[in-house]
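Q: With the sequence up front, the predicted model follows.
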Amino acid sequence: MANLLVTGGAGFIGANFVHYWREQHPGDQIVVLDSLTYAGNRANLAGVNAVELVEADIRDEDTATTLLRDRAIDTLVHFAAESHVDRSIHGPDAFIDTNILGTHSLLKAARTVWLSGDGKPHRFHHVSTDEVYGSLGPDDAAFSETTPYSPNSPYSASKAASDHLVRAYHHTYGLQVTTSNCSNNYGPYQFPEKLIPLFLINALHGRALPIYGDGMNVRDWLHVEDHCRGIEAVLQRGRVGETYCIGGGEELANLTVIDTLCAAVDAAFAGDPGLAQRYPDAPAARGLPTDSLKTWVKDRPGHDRRYAIDETKARDELGYRPARDFKAGFAATLAWYIANEPWWRSILDGSYRDWVEANYAGRG
């Protein structure tokens, strides 16, 4: 698998995968296909050697076909997606267009190139989410590869549809595919609409930390590099046509994550007096607890209560295990955001602030 096409490779998880793959497989060709919308950022690929970035939409079947053929691509890793539940509630059309129609365009391109040629091995790996399985009760068994689909948001419904398309192209046409369904990712380069980067940046600026409902919605937290290691294991050892659940083994309530974040910010300011000068509006700069910023807001529609991943299949078949617990992964994430302020400042533009206003104003 020497020639990779990575869709969405300038986004959060995709860019981390590109960094990881280049480090682990320095001789491979990597082509990134990304439309560079609000969450795609050229800066996410800074410092990665020998990566070709093609700016195009995954719905452009002709471009995908040309790249697969002209670059002799044998492995397509498909990250590109609209991925935020709140955005899907306010504007579901983009999720249907990108996640369903875009995935179908890529599948058609792959079929054209790979199944009409000389039959060489290839792989279409589809990156999906545990949200396609719906919501768990407090005592329910964790999601596994056999859990029935039950999506509850436009986002998860669109991802479920794309999962089914990938499966259908394998069973109907013989396309060599794999799918992975992951839990909540966190780590470097995450666009600041998701909980951890949003709350970190708000805490540094003394802004409210808006907590949906009672804050007890539970998620399995997966450091993005562990996710990249899991995808690598699927590509190298996964069986064609199979699905693998990749989790972090850290099932935590949102409120627990937020309390961990607040305590870590307080400790960072206590250990580095220079942070108070850089972020004078942070409560911690004045000796006040960061958790004083916590604000409860009205819950979002269709908010799934609990996700959990049973990664037995990935562990037994692929040897996958997460390398980081949440404490270590979060400490590294906090350090990265503090050290990379120019990165996140450059993307906090007017359109992002408008999005925050649309999602959180008037919910208190």
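A: Thanks, I have the structure now.
Q: now Pro121: how far from Arg305?
A: Note on Pro121: its distance to Arg305, by CB to CB, to the nearest Å, is 42 Å. C-beta coordinates here come from the backbone N, C-alpha and C atoms, glycine included.
Q: of those two, who's got more company?
A: The residue with more neighbours, out of Pro121 and Arg305, is Arg305; 15 against 10, by other CB atoms under 10 Å.
Q: Just the pLDDT for the residue lying closest to Ser128 once chain neighbours are set aside.
A: Nearest residue to Ser128 in three dimensions, chain neighbours excluded: Asn181, at 4.8 Å (CB to CB, 6 or more residues apart in numbering). What the model reports for Asn181 is a pLDDT of 98.
Q: bridging residues for Asn181?
A: Ser128, Cys245 (DSSP bridges).
Q: Could you give the number of residues near it?
A: Neighbours of Asn181 (other CB under 10 Å): 24.
Q: give the contact list for it.
A: Listed by CB atoms under 8 Å, 6 or more residues apart in numbering, the contact partners of Asn181 are 128-130, 132-133, 143, 145, 163, 243-246, 309.
Q: Which two among the residues you listed are spaced furthest apart?
A: Asp163 and Ile309 (15.4 Å; CB to CB).
Q: Have a look at the two and say which one is more surrounded.
A: Ile309 (26 against 21).
Q: Just grab the bridge partners of the more buried one for me.
A: According to DSSP bridges, beta-bridge pairing links Ile309 with Phe143.
Q: surely it meets Tyr244?
A: No: when contacts are counted by CB atoms under 8 Å, Ile309 is not listed as touching Tyr244 (10.4 Å).
Q: Once you drop chain neighbours, what's closest to Ala80?
A: Gly8 (3.2 Å).
Q: how deep is that neighbour tucked in, by neighbour count?
A: 27.
Q: isn't it right next to Asn44, touching?
A: No: with contact defined as CB under 8 Å, Gly8 does not count as touching Asn44 (10.6 Å).
Q: Strands of this protein, residue ranges please.
A: Per DSSP state E, the chain carries strands over the ranges 3-7, 29-34, 51-55, 75-78, 123-129, 177-182, 184-186, 209-212, 218-223, 243-246, 251-253, 294-297.
Q: Ok, which of those strands comes nearest Gly274?
A: Judging those by CB to CB, what sits closest to Gly274 is strand 209-212, at 23.2 Å.
Q: Run the chain-centre distance for the closest one.
A: Put simply, strand 209-212 sits 21 Å off its chain's centre (CA atoms, centre = their mean, to the nearest Å).
Q: quick check: mean pLDDT across it?
A: 94.
Q: cool, stretch 63-77 as well?
A: For stretch 63-77, the per-residue pLDDT averages 97.
Q: Can you get me the start-to-end distance on that stretch?
A: One end of stretch 63-77 sits 16 Å from the other (CA to CA, to the nearest Å).
Q: one step back: could you dump the strands of the chain into a markdown table and include distance to Ala109?
A: Listed next are the strands of the chain as a markdown table, based on distance: least, CB to CB, whole Å:
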| stretch | distance to Ala109 |
| --- | --- |
| strand 3-7 | 10 |
| strand 29-34 | 10 |
| strand 51-55 | 13 |
| strand 75-78 | 9 |
| strand 123-129 | 10 |
| strand 177-182 | 14 |
| strand 184-186 | 26 |
| strand 209-212 | 39 |
| strand 218-223 | 29 |
| strand 243-246 | 22 |
| strand 251-253 | 38 |
| strand 294-297 | 42 |
